[in-house]
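**Q** fold the following.
(one chain, ligands or ions: 1)
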Amino acid sequence: MPDRCDVLIVGGGPAGSSCAARLWAAGLDVVVVDKCRFPRDKSCAGWITPPVLEHLRIDPREHEQGRVLQPIKGFSVCRLGGPMVETDYGTVVSYGIRRCEFDTYLLHRSHARLRLGAPLKTLERVGRAWLINGELEAPMVVGAGGHFCPVARHLGARTSGDRTVVAAQETEFKLSREQARICRVRPEVPELFFCEDLQGYGWCVRKGEYLNVGMGREDSTRLSDHLRAFVETLQSQNRIPKDIPTRFQGHAYTLYGHAPRELLGDGLLLVGDAAGLAAAYSGEGIRAAVESGLLAAESILSAGGNYEREALASYLKSLIDRFGPPESSDGWIAHIPTRIKLAVAGPLFASAWFTRRIVLDRWFLARN
Ligand SMILES: Cc1cc2nc3c(=O)[nH]c(=O)nc-3n(C[C@H](O)[C@H](O)[C@H](O)COP(=O)(O)OP(=O)(O)OC[C@H]3O[C@@H](n4cnc5c(N)ncnc54)[C@H](O)[C@@H]3O)c2cc1C
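**A** Numbering: from 1, shown residues only. Next up, the predicted model:
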């Protein structure tokens, strides 16, 4: 006889664990399966905005006990080759975390039953339930397995050969005492470097004793070349040490509205990167993962045990209420022809008004 639970969640990242925690708190029997054992790493800069902690009711003072929680009070922004413009908010506007710590903390505090090191291999419809790997049965399955989530594929998502994805790579490492002395990136002021063709940006995020350097681009061709040139530029300017690890971890994900996926099926629902919800300009995906996980939990609870597709439709409405219609995710800037954007980008990225009001307040911090 297969084991049974009320809701099975595939993927124990921020989307899956947030959903699991809310369902467990409402009294449901929840199992999270993840192909990795935790602590596991996830390629990510580890930048989060304060609403992530607020939604999860995490007290920063508690979280920083034994874990990295780097307060961020400003950003330095430039277009590669142009001047660096620093914005100081004088207060905490973001945090730096390490995914190996943060995700493990969220998963364990969800109280869900965990099956780790257990990839989802098969998903079969048996009556009104789903049978997973031939050994676990649930009437409701949440796909929280990231961009390549097998539940998303089951619902028809294309996960390869898709030119609408963001491809991103990063390396995160502990700075030696000598590297820490040399590194000019300040922990409270991460640095963002927009590519000249505006197809993405590179970053340096220093958090506690760690430095994360990476780049994400919507045009994934030659990402490694762009990244190599970016790192060499930083090193030639003595911003980062010359002896950083040369191995970069990469992953893909989709920005909200850029490649909409089918998010619902009978007894099936997608959250986080599996649903393609990351913010259009910044690529912030952790907040959308957490928020969609919580919204999904509310829709599952209000469905009251009837998990037919129509009974779960409130989830789609709550996503639109929260993130707006997918087709408008890029806002008015999407309507400006690329040649005009490229022509004005230099002066705009050199302006304190544009970097603060548009790049940071609007795109990265979603403050207005
Ligand atoms: C290089 C890079 C940098 C980024 N930087 C930032 C940043 O600084 N801030 C930010 O907000 N966002 C960032 N993002 C985006 C962010 O990482 C994602 O949006 C976020 O992790 C989505 O969370 P999730 O829970 O949906 O998926 P994930 O965090 O990807 O978790 C999915 C989980 O599913 C598991 N899984 C996958 N397949 C299976 C399977 N077959 N069976 C069982 N389990 C499976 C995985 O092991 C994983 O634990 C970055 C992305 C990249 C690639």
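
**Q** which of the three states applies to residue 253?
**A** strand (DSSP: H, G, I helix; E, B strand; the rest coil).

**Q** is it correct that it is in contact with residue 284?
**A** No. Applying Cβ atoms under 8 Å, one finds residue 253 not in contact with residue 284, separated by 10.8 Å. C-beta: built from backbone N, CA, C; applies to glycine.

**Q** give me the common contacts of the two.
**A** The contact sets of residue 253 and residue 284 overlap at residue 278 (Cβ atoms under 8 Å, 6 or more residues apart in numbering).

**Q** hang on, residue 307 in a strand?
**A** No. Residue 307: not assigned to a strand; according to three-state DSSP it is coil.

**Q** look at it and report its pLDDT.
**A** On the pLDDT scale, residue 307 is placed at 98.

**Q** that one contacts residue 300, correct?
**A** Yes. Shown here, residue 307 and residue 300 form a contact pair, counting by Cβ under 8 Å, at 7.4 Å.

**Q** how much space separates residue 174 from residue 134?
**A** 42 Å (Cβ to Cβ, to the nearest Å).

**Q** quick check: residues of the stretch 101-250 of the chain near the ligand?
**A** Contacts of the stretch 101-250 of the chain with the ligand, taken as Cβ under 6 Å from any ligand atom, map to 119-120, 144-146, 148-150, 168-170, 214, 216.

**Q** so of these, which ones are in strands?
**A** Residues of those located in strands (DSSP state E): 168, 169, 170, 214, 216.

**Q** residues making contact with the host helix or strand of residue 96?
**A** In the assignment (DSSP states H and E), residue 96 maps to strand 94-97. Applying Cβ under 8 Å, 6+ apart, the external contacts of strand 94-97 come out as 45-50, 53, 60, 67-72, 187, 190, 205-208, 212, 364-365.

**Q** now, of those residues, which are buried?
**A** 45-49, 53, 68-70, 72, 187, 190, 205-208, 212, 364-365 (16 or more other Cβ atoms under 10 Å).

**Q** domains for the protein, by residue range?
**A** Domains of the chain are assigned by automatic domain parsing as 3-46+98-161+256-328, 165-253+333-364.

**Q** quick one: end-to-end distance for the first one.
**A** Domain 3-46+98-161+256-328 has its terminal residues 43 Å apart, counting by Cα to Cα, to the nearest Å.

**Q** could you do stretch 317-330 as well?
**A** 19 Å.

**Q** that stretch near the ligand at all?
**A** No. Stretch 317-330 does not reach the ligand (Cβ under 6 Å from any ligand atom); its nearest approach is 13.3 Å.

**Q** same check, this time on stretch 255-262
**A** No. Judged by Cβ under 6 Å from any ligand atom, stretch 255-262 stays clear of the ligand, getting no closer than 9.8 Å.

**Q** and for residue 124, nearest residue in space, chain neighbours not counted?
**A** residue 131 (4.6 Å; Cβ to Cβ, 6 or more residues apart in numbering).

**Q** just to revisit the earlier point, out of the contacts of strand 94-97, which sit inside strands?
**A** 47, 48, 69, 70, 71, 72, 205, 206, 207, 212.

**Q** could I get these in CSV, plus columns for pLDDT?
**A** CSV is the format used below for the ones in strands among the contacts of strand 94-97 (pLDDT from 0 to 100):
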residue, pLDDT
47, 98
48, 98
69, 98
70, 98
71, 98
72, 98
205, 98
206, 98
207, 97
212, 98
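
**Q** for stretch 255-268, buried residues please.
**A** Residues 255, 256, 257, 258, 261, 263, 264, 265, 267, 268 are the ones in stretch 255-268 that count as buried (16+ other Cβ under 10 Å).
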